[in-house]
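Q: model this:
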Amino acid sequence: MIKKLNAASTEDFLSTEEAAAYLEIKPTVVRNYLCEGKLTTYKFKTLTLLSLEELDAWKERRSMG
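A: Below is the predicted model:
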């Protein structure tokens, strides 16, 4: 799913590369998750961003599984 943003806070969103580092996976894997709809894509101008809140939930699920 792709959602467009009118404004983006650096406290609430991460770039693909930052999200990969945060999840401790490769950026390619994050891009695959975005294409597969496993993570929500947020677009702000030309930037592809991911919600830190969603990444926290994803990280929590991975640690429990």
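
Q: can I assume residue 2 is in contact with residue 43?
A: Yes - with contact defined as Cβ atoms under 8 Å, residue 2 counts as touching residue 43 (6.1 Å). To be clear about C-beta, it is placed using only N, CA and C from the backbone, and glycine gets the same treatment.

Q: quick one: which of those two has more around it?
A: residue 43 (13 against 10; other Cβ atoms under 10 Å).

Q: Checking that one next. Helix, strand or coil?
A: strand (DSSP: H, G, I helix; E, B strand; the rest coil).

Q: got the contact list for it?
A: Listed by Cβ atoms under 8 Å, 6 or more residues apart in numbering, the contact partners of residue 43 are 2, 3, 4, 5, 49.

Q: now residue 13
A: Counting by Cβ under 8 Å, 6+ apart, residue 13 makes contact with 5, 42, 44, 49, 50, 51, 52.

Q: and after the lowest-mean-pLDDT helix or strand in the chain, which helix or strand comes next?
A: For the chain, the helix or strand with the lowest mean confidence is strand 2-4, at a mean of 80 (criterion: mean pLDDT, DSSP states H and E). From strand 2-4 onward toward the C-terminus, using DSSP states H and E, the following helix or strand is strand 13-15.

Q: Is residue 18 in a helix, a strand, or coil?
A: At residue 18 the chain is in helix, as set by three-state DSSP.

Q: any idea how far it lies from residue 64?
A: Using Cβ to Cβ, to the nearest Å, we find residue 18 at a distance of 23 Å from residue 64.

Q: of these two, who's got more company?
A: More crowded of residue 18 and residue 64, by other Cβ under 10 Å: residue 18, with 17 against 6.

Q: can you pull the pLDDT of the more buried one?
A: At residue 18, the pLDDT value in this model is 95.

Q: quick one: contacts for residue 31?
A: Residue 31 is in contact with residue 16, counting by Cβ under 8 Å, 6+ apart.

Q: Just confirm it is within a helix.
A: Yes - when classified by three-state DSSP, residue 31 is found to be part of a helix.

Q: and it, what pLDDT?
A: If you check residue 31, the pLDDT there is 95.

Q: re earlier: please indicate which of the contacts of residue 13 are buried?
A: Among the contacts of residue 13, those classed as buried by neighbour count (16 or more other Cβ atoms under 10 Å) are 42, 49, 50, 51, 52.
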